[in-house]
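S.K.: next come a sequence and a model predicted from it.
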Amino acid sequence: MHEWALAESVIRTITNRKEFKDKKVIVYLGELQAIELDIFKFAMDELIKNNRDNISYKIVVEESRFKCNLCGYEFSMSEIKNKTDEEKENIHFIPEMVKAFVKCPKCSSVDFEITKGRGVSLGYE
Amino acid sequence: MNNLKVDPRESIIKERLSKIKKIYLVSGFKGGIGKSLISVMLSLNLAEKKYRVGLLDIDLTSSTDHLILGCEKLYPKENMGLIPPEIENIKFMSFSFFSYDLPLALRGNSISDAIKEILCVTIWGDLDFLIVDMPPGFSDTNLEVMRLFKNFSLIAVSTPSPLSKKILERMIKVYKDKKKIEIINIENMTKTSKSNALRYDPEVDNAIGNVNKIKKTLMYKDINKISKIIEGR
């Protein structure tokens, strides 16, 4: 249910920032954070019901990409599959925790960047 | 379609902190001067006096408050966000809950992202005091916390070492240049008892992980002076 907290921040941003007015908002959800889509959508729709603004949105799940700062290897989620449920949950809450549980598949370094698909961000059509 | 990418999390942080009467950052900019012990003891002392207290260990890579409190197995609950677990009537949040004490190699943007995330999703509720245990130095975490918290007071920790004092002096200038903030100076590990001083107590190391033992130390007795200063503000 921490999806509610994120949905709240999304609705607040859409309401407060004029560039989103009368636009179809794109909510990008990073693959890494593994947001529960049903809960997030439910939270968004409930919050929209109680909002005076007419908000329309669509969700785009963004593929996550990583780049090793040591060897330069670029990799995706498909290469970092072996995580426990607890580790997945910790990454779900704080995506940067991926650095505690994952190493570069090529050189085993823990020093890598999340270059794409980290968490929640907003754009519009 | 355009390339705009807006981070929504900052919009909610102010609200998450809105029911907190006073935020104290415990900082000293130098490592090993007792910031974490002071943060934990101050929180314990204020909670003992029935204040509603939150403790946030914002040191991403070297958090230790959970070790001092002996509560490595705590974990937040999910309810429209993350509810900090309670220990000794303190609402306690730490990155250690999520990293399991494994090393975290974090650079600039990742530090900023992790701090924004924890502040966005933590539901503190009503608090009299939030004590924030800051990491040493004056880089990403310190700058990001200063930017995101907006209203806070500073508990500036030094030791009798001239090096610690020199660094503190230098760093306090940055805070003063930024805005007018309340600063409480504390000298830790002193030989004598002064109003803003915490005496050196070798027993503290043996008390780590055991709250009852912590409360019997000389340092804990002295921390009462600091909590009285805070209560009076």
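M.R.: Done, it's in. Numbering: from 1, shown residues only, chains lettered A, B, ... in the order given.
S.K.: low pLDDT regions in chain B?
M.R.: B:1-2, B:177-179 (pLDDT under 70).
S.K.: next up, phi/psi of the most centrally placed residue in chain A, please.
M.R.: When CA atoms, centre = their mean is applied to chain A, the residue found nearest the centroid is A:G119 (2.0 Å). The phi and psi values for A:G119, taken as degrees, to the nearest 10, are phi -150, psi -140.
S.K.: check contacts around it.
M.R.: A:G119 sits next to A:6, A:29-30, A:32-33, A:95, B:113, B:117 when contact means CB atoms under 8 Å, 6 or more residues apart in numbering or on different chains. Backbone N, C-alpha and C define where each C-beta goes, glycine included.
S.K.: swap in A:S64?
M.R.: A:30-32, A:76-77, A:114, A:116-118.
S.K.: quick one, phi psi at the closest residue to A:G117 other than its chain neighbours?
M.R.: Of all residues not flanking A:G117 in the chain, A:S64 sits nearest, at 3.4 Å (CB to CB, 6 or more residues apart in numbering or on different chains). Backbone torsions of A:S64, given as degrees, to the nearest 10, read phi -90, psi 140.
S.K.: need the per-residue pLDDT for A:S64.
M.R.: With respect to pLDDT, A:S64 scores 97.
S.K.: what about it, distance to A:D22?
M.R.: 31 Å (CB to CB, to the nearest Å).
S.K.: again with A:T13
M.R.: The value you get for A:T13 to A:D22, if CB to CB is used, is 15 Å.
S.K.: neighbour-wise, which of these two wins?
M.R.: Comparing A:T13 with A:D22 by other CB atoms under 10 Å in any protein chain shown, the one with more neighbours is A:T13, at 21 against 10.
S.K.: tell me the SS of that one?
M.R.: Each residue gets one of three states, and A:T13 gets helix by DSSP: H, G, I helix; E, B strand; the rest coil.
S.K.: what of A:F40?
M.R.: A:F40 ends up helix, using three-state DSSP.
S.K.: residues in contact with the closest residue to it other than its chain neighbours?
M.R.: Among residues not flanking A:F40 along the chain, A:E3 sits closest, at 4.3 Å (CB to CB, 6+ apart). Counting by CB under 8 Å, 6+ apart, A:E3 makes contact with A:35-36, A:39-40, A:43.
S.K.: and for the longest helix along chain B, what's in contact with it?
M.R.: Counting residues, the longest helix in chain B under DSSP state H turns out to be helix B:162-178. For helix B:162-178, contacts defined as CB under 8 Å, 6+ apart pick out B:27-30, B:33, B:138, B:146, B:154, B:156-159, B:181, B:183.
S.K.: CA-only coordinates of that helix, as PDB, when you get a sec.
M.R.: This file holds the C-alpha atoms of helix B:162-178, laid out as PDB (Å, rounded to 0.1, in the frame of the first residue of the first chain):
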ATOM      1  CA  PRO B 162      41.000  21.200  17.600                       C
ATOM      2  CA  LEU B 163      40.500  19.500  14.300                       C
ATOM      3  CA  SER B 164      36.800  18.800  15.100                       C
ATOM      4  CA  LYS B 165      36.300  22.400  16.100                       C
ATOM      5  CA  LYS B 166      38.000  23.700  13.000                       C
ATOM      6  CA  ILE B 167      35.900  21.600  10.700                       C
ATOM      7  CA  LEU B 168      32.700  22.500  12.600                       C
ATOM      8  CA  GLU B 169      33.500  26.200  12.400                       C
ATOM      9  CA  ARG B 170      34.100  26.000   8.700                       C
ATOM     10  CA  MET B 171      30.800  24.200   8.000                       C
ATOM     11  CA  ILE B 172      28.600  26.300  10.300                       C
ATOM     12  CA  LYS B 173      29.500  29.200   8.000                       C
ATOM     13  CA  VAL B 174      27.700  27.400   5.200                       C
ATOM     14  CA  TYR B 175      24.600  27.000   7.200                       C
ATOM     15  CA  LYS B 176      24.700  30.600   8.400                       C
ATOM     16  CA  ASP B 177      25.200  31.800   4.800                       C
ATOM     17  CA  LYS B 178      22.200  29.800   3.600                       C
END
